[in-house]
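Asks: Mind looking at a prediction? Sequence and model below.
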Amino acid sequence: MQEEYVGIGAIDSIRTILERSGAKRIFLVTGAHAYDSSGAAGLLKRILADREICRFSDFTSNPKIEEVVGAVGALRAFAPDIVLAVGGGSAIDIAKSAAILSAQTGPLESYVKGEKELSAGGPPVIAVPTTAGTGSEATHFAVVYIGPRKYSLALPSMLPAYAIVDSQLLASVAPALAAATGMDALSQAIESYWSVRSNDESKTYAEQAITLIKKNLVAMVRKRTDEVCLAMARGAHLAGKAINISRTTAPHALSYPLTAHAGIPHGHAVALTLPAIIRFNAQVDEGSVADSRGLSHVRSTLSSANSLLGATDAEDAASMIESLMDAVGLERRLSVLGITGGDIPSFVKELSLERLANNPRRMTEEDATRILTDIL
C-alpha cells in the first residue's frame, strides 16, 4: 500500500519517512535541470544533509535501455537503503525500473522485453514529481525504450512506496512543458474513464482528475497561482491513480511512434490524436465494441465522459479538446511537426497492441491509419 502526501509543503514529509525507515544511504535519481529549477534541491538540502547520497542523472527523456542498465549498475554498486526520485516521468520511471531490475538475475533486456518474468524486490522508492502530468508516482509500471520501440515494465511492487506530491515544485515549470504534461494527465483521465479495464474506483479518480485539470490547465500555462498549481498537482496524481487500475487506451498507443520517431513530447503526442479518437469511439456499435460489459455500457460511459468535459456530445467534446490545445499553444497538425504521409504506415506497424486492446471500440490498422492521416 502506498503512502501519499499531497499538498504545499508535502516534501517535508521525506524527513519523517527517512527517519522512520532508518535509511542512511540514498540513491537520488533526478533530471538534469528540474532538481534545481523546481526548488527541490534547496528544500531537500537539510533533509539529506546527514545521509550518504549517490546521485544519478545520466538519462534523457523517454528512458532508453542503456540508461536503465547504467542506473541499475550504479544502484547495485551503491547498495542504497532507499531510492529517491525527483523529477518528471522519466526520472521516476528510471528510478522504478532500476529498483526492481536491481533485484533480478540475468540480462536486464530480457525482463524489459517480457522474455523473463519480474519478481518482487529492490529498495523502496520515494517518488516526487516536479511536473503535473505523467502520474508515474502513482503507477506500478515504467516505460523503457529499446531503439524506437516502447516497452513497459509492470509489477504491483513497482508502485512507489511513497508518493510526495508537492505543488510548490510546479511553480517554475516552463509553459510548454506544463501544456504537454497537463494534456497527458487529462488524456490519462479520459482514457481511464472509458477503458475496458475501468471500475468504480478508477472512474472516481478519473472524474475528479478531469474536473480539476479541465478547469486549471490554461491558467497553469498562462498565469499560474499557488491554487492552480495545487489543483493541477492533485489532478495529475489522481489521473495516475486512475490509470494504475485501468491502464491507457488508443491515444497513448498512437503516441509512442510519434515520440520515438518525430521527437514530439509524450503529452503533446497523446493529445494530438485524442479529439479524433473521441470521435472514433462515438461510432462504436455491436460489431466493434471491445468492452465485455457491452454496447450500452460503453455508450453510457462515453456520454458521461463528454459530460465531465462540459460537452453535449462527442463532436462537442472533441472540439473542446482542440480548443484547449490551441489555448495552451500545442500544435494540432502532424505535418507542421515534421511528419509526412509516408511515415504513417511504419508508425501503425509499431502500435502497442496492449493499449489498443484497452480501447472501448476495436481499432484496426486501417482505423489507425485514417486517424493519423486525418490530422496530417
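Replies: Arrived safely. None of the values given here were measured: they were computed from a predicted structure. Numbering: from 1, shown residues only.

Asks: Next, the contact list for Ala253, please.
Replies: Leu351, Ser352, Leu353, Glu354, Arg355, Leu356, Asn359 (C-beta atoms under 8 Å, 6 or more residues apart in numbering). To be clear about C-beta, it is placed using only N, CA and C from the backbone, and glycine gets the same treatment.

Asks: one more time with 7 Å
Replies: Ala253 makes contact with Leu351, Ser352, Arg355, Leu356, according to C-beta atoms under 7 Å, 6 or more residues apart in numbering.

Asks: just Thr30 next, same as before
Replies: Thr30 makes contact with Arg55, Ser57, Val86, Gly87, Ala91, according to C-beta under 7 Å, 6+ apart.

Asks: run the last query once more with 10 Å
Replies: By C-beta atoms under 10 Å, 6 or more residues apart in numbering, the residues touching Thr30 are 36, 38, 40-41, 44, 55-57, 59, 84-87, 91, 94-95, 128, 130.

Asks: May I have the phi/psi pair for it?
Replies: Per-residue torsions, Thr30: phi -140, psi 160 (degrees, to the nearest 10).

Asks: can you check Val289 too?
Replies: Torsion angles, degrees, to the nearest 10, at Val289: phi -70, psi 130.

Asks: Nearest to Ser167 among the contacts of Ala253?
Replies: Nearest to Ser167, judged by C-beta to C-beta, of the contacts of Ala253 is Arg355 at 29.3 Å.

Asks: Make sure that closest one is actually in contact with Thr249.
Replies: Yes. Taking contacts as C-beta atoms under 10 Å, Arg355 lies within contact range of Thr249: 6.1 Å.

Asks: Pull up the overlap in contacts between the two.
Replies: With C-beta under 10 Å, 6+ apart, Arg355 and Thr249 have common neighbours Glu191, Ser195, Met363.

Asks: now the helices for the stretch 201-350 of the chain?
Replies: In the stretch 201-350 of the chain, the segments counted as helices under DSSP state H, counting those that start in this stretch are 226-246, 250-262, 266-282, 295-308, 314-327, 344-349.

Asks: about what we covered before: quick one: mark the members of the shared contacts of Arg355 and Thr249 that sit in strands.
Replies: When those are checked against strands (DSSP state E), there are no matches.

Asks: Considering these, which possesses the most neighbours?
Replies: The residue in the shared contacts of Arg355 and Thr249 with the most neighbours, by other C-beta atoms under 10 Å, is Glu191 (30 neighbours).

Asks: what residues are up against that one?
Replies: Listed by C-beta under 10 Å, 6+ apart, the contact set of Glu191 reads 198, 206, 239, 242-243, 246-253, 270, 274, 277, 305, 355, 358-360.

Asks: before we move on, what about Ala178?
Replies: Residues in contact with Ala178 (C-beta under 10 Å, 6+ apart) are 131-133, 170, 217, 219-222, 224, 229, 232, 267, 328-329.
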